[in-house]
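Trainee: heads up, no residue letters with this:
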């Protein structure tokens, strides 16, 4: 079982925007570029990079995807902060 994960994310207020971001990613858009454009999280300035974090650091819905979701694929998750597009880079 992985103890840490490294992920990128984009935080937006509306599900429709998050779904549009996923469509743009599917058409070849760069995650980091979209994060800088759309994300309301301070990590957006760094291309959405959250760095490496331990299990239990993020809110439960985010943690579930970070530690169980497919790697390198965008995931749509709703938390108390809004809608996240999450891309897990690796787990250790």
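Mentor: Ah, there it is. Just so it is clear, the model here is predicted, and its values are computed rather than measured.
Trainee: drop to CA atoms for contacts and neighbour counts, all remaining ones
Mentor: Noted.
Trainee: Local confidence estimate at the residue nearest the centre of the chain?
Mentor: In the chain, the C-alpha nearest the mean C-alpha coordinate belongs to residue 86, at 2.0 Å (Cα atoms, centre = their mean). On pLDDT, residue 86 comes in at 98.
Trainee: What residues sit buried inside the helix or strand containing it?
Mentor: Here residue 86 sits within strand 82-91, counting by DSSP states H and E. Neighbour-count burial for strand 82-91, counted by 16 or more other Cα atoms under 10 Å, picks out 83-91.
Trainee: Closest one to residue 55 out of those, please.
Mentor: Top of the list for closeness to residue 55, among the buried residues of strand 82-91 and by Cα to Cα, is residue 91 at 10.2 Å.
Trainee: what's the neighbour count on the closest residue to that closest one other than its chain neighbours?
Mentor: Excluding the flanking residues, the one nearest residue 91 by Cα to Cα, 6 or more residues apart in numbering is residue 5, at 4.2 Å. Using other Cα atoms under 10 Å, residue 5 has 20 neighbouring residues.
Trainee: What is the helix or strand containing residue 5 packed up against?
Mentor: Secondary structure assignment for residue 5, by DSSP H and E: strand 4-12. Under the contact definition 3 or more Cα pairs under 8 Å, 6 or more residues apart in numbering; DSSP states H and E, strand 4-12 sits against helix 31-38, strand 49-54, helix 60-68, strand 82-91.
Trainee: Which of those sits closest to residue 24?
Mentor: helix 31-38 (8.6 Å).
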